[in-house]
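1. Here's my sequence, what's the structure:
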Amino acid sequence: MTTTTLAVLVPLLPFLGAVAGLLLGRTAPGFTRPLAVLPPLASLALAVLVAVRQGGGRAITAATELTPTGSVPIELALYIDGFAALVAVLVGVVATCVQIYSTGYLRDDPRYPSYAALVSLFTSAMFLVVYSGDLIVLLVGWEVMGICSYFLVGHYWETPEARAASLKAFLVTKLGDVPFLIGLFALGTDAGSFKITRVLGTVASGGLHHPTLIALLLLAGVAGKSAQFPLHTWLPDAMAGPTPVSALIHAATMVAAGVYFVARLLPVFEASSAALLVLAVMAAVTMTGSGLAALAQDDIKRVLAYSTIGQLGYMTGALAVGDRGAAVFHLLSHGAFKALLFLAAGVIIHASGTNSLAATSRMSHLRDRIPDAYWTMTVALLALAAIPPFSGFFSKESVLGAAEHAATGHTGHAPAAAGWLVLVAGLLTALLTAAYATRLWLLAFRGRGAEAPDHGRQPLTMTVVLWVLAVPSLAFGAFAYRTLPDWFGGRDLTPTLLTSILGTGLALVGGIVTYGVWQRTTALAVRFPLGAVAAHPEGDAGLVEAEAIASHAPVYGGVAYAPDPADPGRLLLGPLHRHAAVGFHLDAVYAALFVRPVQAAASLVRFLDREVVDTYVRGAAALPRLLGAAVRRTQTGNVQTYVSALLAGTVVLTVAVLLVASGA
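-> Residues are numbered from 1 along each chain as shown. Predicted coordinates for the structure are as follows:
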């Protein structure tokens, strides 16, 4: 079987599995789980085989005209280089793990058949984006993922949070997709083709007429799909969906699509220094803002959501300095440990019965109830914090190294300002990432208080998947930078000394400081237990107030209430905490700038339609109705009445004729 045929089957099998799952989900429920797991598993095997045959060498291409358009042709084309081959393997691994995990996590859900089918369709769409060699075909996969995310985020549609989150995700991403579509048409028009190889050839020959405008239009869609500032607000709310869906969206589909798109078409963006600078600003704001917001969240899934936004900021930062190898390297590494983080969080939620870190911080021995989640999540958090030798260290350092090269003028495409922005923001985010990763680990697994609930052992399908994903979270980084440089465009992925020292040092500082603050706040919580009012043991009201202020515990008359909970994030962020907890009020800003004006305009249109337009419609109908009523009264059915009317009319006509004649 040819490599092209294998590549066609990779997105086709999950699509067929989705169709079969929807058709047989209710009539033959016994086939639901096999139809959910086997197609993505087969696609994974085929994606691995395609990657082996591609080997990081020359790209595999094939094309056939899809339909005659009369102008710019649309082709069913494949373009599989080293980037595409590796990303497809990541998609297959995460999708298969999510489907296996879901068989246990949603085993009692009556809507599991439709859920599994939508996950398969989601997977198929991402495969189509990865392998597509034509921008319009890529757009099909891009939009199918958008509608799948709408249905999957709103899976628990009984809850208002899920309904609102699904609608918000759809609308915000569509807000970016409109300029994205315009940018694609402009790009295809300039290149005379939507085929990616032709587009890249046009860029290389300087044939783009409006590179800055096209790049900025495309960046709007990327910002929406990959949850980058300012269109990132939908992603934390999307945590209202099932946890396995969160793992799929955050690790290998949807948000990864935007980064992958820029990596695939990076020469288009490199043709405009202004576009690269905008991308660098977007990445820097996204990284730092999401790191601060993650440190203030109480919901464990929202912490991970803001974490994803920040890590995607690293990827877009690498692209802003012209290094798609570092961006895709971090995309692959992040995909493994972020999927593990979400699936382990699902086990924590399943065992504790809550998403709240404030609640788990009061549960002792929770880690003993779920040892698999404890150990694997520890591995994933160390990878997230970029502690060597975990995978996140190598991929994040490749980004920081690329930023350093750009800042010092060692790259030919990116402006030095972009390099400095990404480098400074990346180092600051390394500190924040380690801080919120440490906070999450402490509040989830080092709680003090009541015994954690015992819901029995987790399903085997949930725990086995965690260990499968723990392997690349631990070992992929070291393996990749040594053995896969050819797959990343030949770039040396070895971490640089300066950024490694700075990045790792800041990460250690962030973790150690957070641990120290946690010990401090926990000690105060023990001395002044929740639910009770206690004076300071030494009777020093001033000391009570000082300690309470330091931990944000309220003081009344020299008596302190214990902080609730012993959360280091509150002390670390200080007065910034309440703003970070609500995402720096961006939702409120958007509501004031966009939502309320649109609602007011809709109310005005409704008023005009009801009170003005409908009034004319009703008036136009009233006159014929009155005339009809008058005519209807004359139709009595009485012959004498008709004869009398006829005679009266004859008399009137006769008189009228005589009058006219006499006047003449």
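
2. Show me where the stretch 1-150 of the chain has its helices.
-> Secondary structure of the stretch 1-150 of the chain (DSSP state H, counting those that start in this stretch): helices located at 3-24, 32-54, 82-105, 112-131, 135-153.

3. should've said the stretch 551-664 of the chain
-> Secondary structure of the stretch 551-664 of the chain (DSSP H, counting those that start in this stretch): helices at 568-573, 577-581, 586-590, 596-607, 614-634, 639-663.

4. ranking these by mean pLDDT, which is last?
-> Least confidently modelled of the helices of the stretch 551-664 of the chain is helix 614-634, at a mean of 77 by mean pLDDT.

5. what angle do that one and helix 639-663 make?
-> Computed by axes from the mean of the first three to the mean of the last three CA atoms, to 10 degrees, the angle separating helix 614-634 from helix 639-663 equals 100 degrees.

6. buried residues in helix 614-634?
-> Within helix 614-634, no residue counts as buried by 16 or more other CB atoms under 10 Å. The C-beta positions use only the backbone N, C-alpha and C, and glycine is treated the same way.

7. so which of the helices of the stretch 1-150 of the chain gets nearest Arg520?
-> Proximity to Arg520 (CB to CB) singles out helix 82-105 among those, at 36.7 Å.

8. Just the angle for that closest one relative to helix 112-131, thanks.
-> For helix 82-105 against helix 112-131, the angle by the same axes, to 10 degrees is 170 degrees.

9. Model confidence for Val328, exactly?
-> For Val328, the pLDDT comes out at 93.

10. Could you give the backbone dihedrals for it?
-> Backbone torsions for Val328, taken as degrees, to the nearest 10, come to phi -70, psi -30.

11. and the closest residue to it other than its chain neighbours, how many neighbours?
-> Among residues not flanking Val328 along the chain, Phe83 sits closest, at 5.0 Å (CB to CB, 6 or more residues apart in numbering). Neighbour count of Phe83, defined by other CB atoms under 10 Å: 24.

12. tell me the contacts of Phe83?
-> The neighbourhood of Phe83, defined by CB atoms under 8 Å, 6 or more residues apart in numbering, consists of Tyr260, Ala263, Arg264, Arg324, Val328, Trp487, Phe488, Gly489.

13. Need the per-residue pLDDT for it.
-> pLDDT, read off for Phe83, is 91.

14. just to revisit the earlier point, deepest-packed of the helices of the stretch 551-664 of the chain, please.
-> For the helices of the stretch 551-664 of the chain, the largest average neighbour count (mean count of other CB atoms under 10 Å) is found in helix 568-573, namely a mean of 22.

15. would you list the helices of the stretch 1-150 of the chain in JSON lines and tack on distance to Pro388?
-> Listed next are the helices of the stretch 1-150 of the chain as JSON lines, based on distance: least, CB to CB, whole Å:
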{"stretch": "helix 3-24", "distance to Pro388": "34"}
{"stretch": "helix 32-54", "distance to Pro388": "27"}
{"stretch": "helix 82-105", "distance to Pro388": "22"}
{"stretch": "helix 112-131", "distance to Pro388": "30"}
{"stretch": "helix 135-153", "distance to Pro388": "34"}
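
16. Indicate which one of these is closest to Glu161.
-> Closest approach to Glu161 among the helices of the stretch 1-150 of the chain is made by helix 135-153 (10.1 Å; CB to CB).
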